[in-house]
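Asks: Sharing a model prediction with you, sequence too.
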Amino acid sequence: MQRLNETMYFIVNPMAGNKGSIKTWKKVEEILKSEDVPYEVFFTKEKGHALRLTKEILSQTNQKTRMIAVGGDGTLHELVNGAAEFPHAIIGSLAAGSGNDYVRGVQKTKSAEEALSLFRDNVVRVIDIGQFETNGQTGYFMNSLGMGIDAEISYEADRSPLKKWFNLVKAGKLIYLFIFIKKLFTYRPSYMNLTVDGSVHQLKKVWFIVIANQPYFGGGMKISPKSKLDDGMLDVIAVHDISIMKLLTVFITVLWGGHLNINNVDFFSGKMIQIKNFGSVKIQSDGEIVGMDEVAVEVMKEKICVMFKGRISL
Ligand SMILES: Nc1ncnc2c1ncn2[C@@H]1O[C@H](COP(=O)(O)OP(=O)(O)OP(=O)(O)O)[C@@H](O)[C@H]1O
């Protein structure tokens, strides 16, 4: 059996959570020091740096190695993409971003202290992830991939000068609500072909299609309540042919997962999924924009090892 590398590796995105990640890291570093836990820390300098650091660290060892993202789902997304081809990687996260759906839906810890104690206990499991190909690029997602208004909101929120102001008054998530309301009146739902394990669904006026590996997306919305991390399947939620008022109902009921009872909120489950949009719309993967209009997704069964608290079957 492979030995465990005693050193824990932390990759901190200093910009995550309006720089709140630094505060989280300092608190955790104090505990690590006071308890003599071996660790190394790296601070990212730009987008893409966490992925490169993860590859560099993992290529220098073949011992089982704990790689921990300190940030939000964007930082975790980079760690997963850097680690996916290294079977000795073990993934964890200290929630310090604005969404933190990975910690909410996969790792299931409620505080940094609890997460740290989980990392030290080293309770692990191997889970599925999604692999996508879009516009000639491939990558992985841990939480979900979406095409439609969700990706357009992500894109605009990240670039909005208002984000800084919402963050300053500690209401960072409100930028997404603000842009959602704006998009309700400007976004044009489009025609999409959705193929799930060979069955083609021609959908009109699609607001968005999300392919989920775990229940949560968008910072706490229970988009796919039935998703399991180890079933070798991905779940697909397609919202189409509904009025703006009904879409608002979807965005309220999704908070507890009640949206699946609404007409034209369709649910599918499959291993290979393709979406083709007729028009021009963005694609997000764990909240990061990865492409446009056409994507092929496949489940990678039991691809990655994560630290995990909770029941064994989700
Ligand atoms: N040093 C850095 N400077 C700027 N951006 C960075 C840096 N390190 C990582 N990033 C990028 O920051 C983005 C946001 O990271 P993350 O999701 O972890 O934080 P967040 O606060 O939850 O952000 P958001 O509210 O945008 O989701 C990611 O796209 C990541 O690649």
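Replies: Received, thanks. Numbers count the residues shown, from 1 in each chain.
Asks: quick one: secondary structure of residue 232?
Replies: coil (DSSP: H, G, I helix; E, B strand; the rest coil).
Asks: Surely it is in contact with residue 127?
Replies: No - in this structure, residue 232 is not within contact of residue 127 by Cβ atoms under 8 Å, at 10.4 Å. Backbone N, C-alpha and C define where each C-beta goes, glycine included.
Asks: neighbour-wise, which of these two wins?
Replies: Neighbour count, other Cβ atoms under 10 Å: between residue 232 and residue 127, residue 127 has more, with 23 against 11.
Asks: still on that earlier bit, can you list residues touching both of residue 232 and residue 127?
Replies: residue 302 (Cβ atoms under 8 Å, 6 or more residues apart in numbering).
Asks: where's stretch 38-52 relative to the chain centroid, distance-wise?
Replies: 18 Å (Cα atoms, centre = their mean, to the nearest Å).
Asks: That one and the ligand in contact?
Replies: Yes - Stretch 38-52 is in contact with the ligand by Cβ under 6 Å from any ligand atom, via 44-47, 49-50.
Asks: Same question for stretch 25-32.
Replies: No - no part of stretch 25-32 sits near the ligand under the criterion Cβ under 6 Å from any ligand atom; the closest distance found is 12.7 Å.
Asks: which helix of this protein spans the most residues?
Replies: Determined from DSSP state H, the single longest helix within the chain is helix 20-34.
Asks: what's the average pLDDT for stretch 173-192?
Replies: Mean pLDDT, stretch 173-192: 90.
Asks: tell me which residues of it are tucked away?
Replies: Across stretch 173-192, burial judged by 16 or more other Cβ atoms under 10 Å covers 173-176, 178-180, 187, 189-190, 192.
Asks: interface residues of this protein facing the ligand?
Replies: Checking the chain against the ligand by Cβ under 6 Å from any ligand atom, the hits are 13-17, 44-47, 49-50, 71-75, 78, 97-99, 158, 287-288.
Asks: Just those: which are in helices?
Replies: 49-50, 73-75, 78, 158.
Asks: List buried residues within those.
Replies: 49-50, 73-75, 78.
Asks: wait, which of the residues you listed is closest to residue 268?
Replies: residue 73 (23.4 Å; Cβ to Cβ).
Asks: Now do the residue lying closest to residue 254 once chain neighbours are set aside: how many residues are near it, please.
Replies: Nearest non-adjacent residue to residue 254, counting by Cβ to Cβ, 6 or more residues apart in numbering: residue 221, 4.6 Å away. Using other Cβ under 10 Å, residue 221 has 21 neighbouring residues.
Asks: show me the contacts for residue 221.
Replies: Per Cβ under 8 Å, 6+ apart, neighbours of residue 221: 251, 254-255.
Asks: Got a PyMOL select line for the buried ones in these?
Replies: A single PyMOL command is used to select the members of the contacts of residue 221 judged buried by 16+ other Cβ under 10 Å:
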select buried, resi 251+254
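Asks: In helices, which of the contacts of residue 221 fall?
Replies: Using DSSP H, the contacts of residue 221 in helices are residue 251.
Asks: can you redo the contacts of residue 221 as CSV with distance to residue 29?
Replies: Shown next, in CSV, are the contacts of residue 221 (distance: Cβ to Cβ, whole Å):
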residue, distance to residue 29
251, 38
254, 36
255, 34
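Asks: from the contacts of residue 221, which is closest to residue 120?
Replies: Out of those, the member with the shortest distance to residue 120 (by Cβ to Cβ) is residue 255, at 33.3 Å.
Asks: residue contacts, that closest one?
Replies: 220-222.
Asks: Can you lay out those residues as TSV showing secondary structure?
Replies: Output for the contacts of residue 255, formatted as TSV (three-state DSSP):
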residue	secondary structure
220	coil
221	strand
222	strand
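Asks: picking that back up, among the buried residues of stretch 173-192, give me the pair with the biggest separation.
Replies: That would be 174 and 192, which, of the buried residues of stretch 173-192, are the farthest apart (Cβ to Cβ) at 29.2 Å.
Asks: sorry, back to before: can you pick out the ones from the buried residues of stretch 173-192 that are in helices?
Replies: Assigned to helices by DSSP H, the following of the buried residues of stretch 173-192 qualify: 174-176, 178-180.
Asks: Can you mark which positions in the helix or strand bottoming out on mean pLDDT in the chain are buried?
Replies: One helix or strand of the chain scores below all others by mean pLDDT, DSSP states H and E: helix 162-168, with a mean of 75. Within helix 162-168, the residues that count as buried by 16+ other Cβ under 10 Å are 163, 166-167.
Asks: Out of those, flag the one nearest to residue 65.
Replies: Of the buried residues of helix 162-168, the one sitting nearest to residue 65 (Cβ to Cβ) turns out to be residue 167, at 33.0 Å.
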